[in-house]
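Asks: Give me a 3D structure for the following:
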Amino acid sequence: MANNIANLRLSRAILIGLTASTVALGLPRLLSAQAASPATRTDHYWRLFAFGFAGSIVAHETAHVLMAYAVGAHPYFGLDHGRPTIFSGIDSRLHPRKQFLFSAAGLTTQALLNEAILDIPHSRGGAFERGILAGGIGTTLFYITLGRNASVSDITYMARTSSLSKTQISLIFGGVSAVHAWRISRDPSYAHFFVRPEGNGAAIGFSF
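Replies: Next up, the predicted model:
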């Protein structure tokens with residue numbers, strides 16, 4: 001039994017490592033693709049946007065897992081009312097600080113990723129990085145509104161394991177995302193944030 005558990009944990013660690021490596025290795029290619037010819041931007045804009053959005057979500061979940069291992073816990077995957085969920089493997093009553101770090105890791109990582117994109121000088125405004133930015137802001141918006149009171153919500157657990165209330169935590173992360181959204185709105189590189197460039201203008205929506 002112990003060997004099976006050890007093998008399962010090793011398999012999870014390998015899967016997480018491969019996922020992170022795939023994202024890391026694919027990032028330069030996607031970033032170069034977003035600066036390619038106008039035809040590429042037109043034909044694959046929403047695909048690159050979706051990759052960026054998904055990459056932000058993967059970064060969120062990977063941060064949870066890595067933080068759990070960093071504090072000496074053993075995270076595991078399960079279902080909460082039929083929804084796939086990463087559980088920390090931490091007894092929040094005995095180790096509230098560790099649980100808080102685990103719960104905060106996802107949104108914090110997305111906020112830092114968005115901050116890096118907005119701060120680090122580069123040729124900005126491409127579809128992939130727009131997807132990353134949208135993923136970070138969208139995830140935060142979900143957690144501070146619809147997902148705020150869910151039984152396994154990051155906001156719920158952060159409030160439960162700290163002296164902060166759900167409202168205070170929502171204001172902290174929501175405030176950061178609001179600043180990011182404001183900066184995006186003020187940067188001409190991100191004009192028409194959800195609009196795909198066309199040869200003679202722009203188009204809103206998806207193409208197949």
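Asks: Tell me the secondary structure at residue 48.
Replies: Judged by DSSP: H, G, I helix; E, B strand; the rest coil, the three-state class of residue 48 is helix.
Asks: Can you list the low-confidence ranges for the chain?
Replies: The model of the chain has pLDDT under 70 over residues 1-43, 194-208.
Asks: Now with 90, please.
Replies: For the chain, applying pLDDT under 90 flags the ranges 1-46, 77-85, 124-125, 147-152, 191-208.
Asks: and stretch 118-138, which residues are buried?
Replies: Buried residues in stretch 118-138, counted by 16 or more other C-beta atoms under 10 Å: 118, 124-138. Any C-beta I mention is one placed from the backbone N, CA and C, and that applies to glycine too.
Asks: mind listing the helices for the protein?
Replies: Along the chain, counting by DSSP state H, helices occupy 2-34, 38-70, 96-119, 127-143, 154-160, 166-186.
Asks: before we move on, the earlier item: tell me which of the buried residues of stretch 118-138 is nearest to residue 193?
Replies: Using C-beta to C-beta, residue 130 is the member of these that lies nearest residue 193, at 6.4 Å.
Asks: Double-check the closest one against residue 192; I have them as touching.
Replies: No: contact between residue 130 and residue 192 fails when scored by C-beta atoms under 8 Å: they sit 10.0 Å apart.
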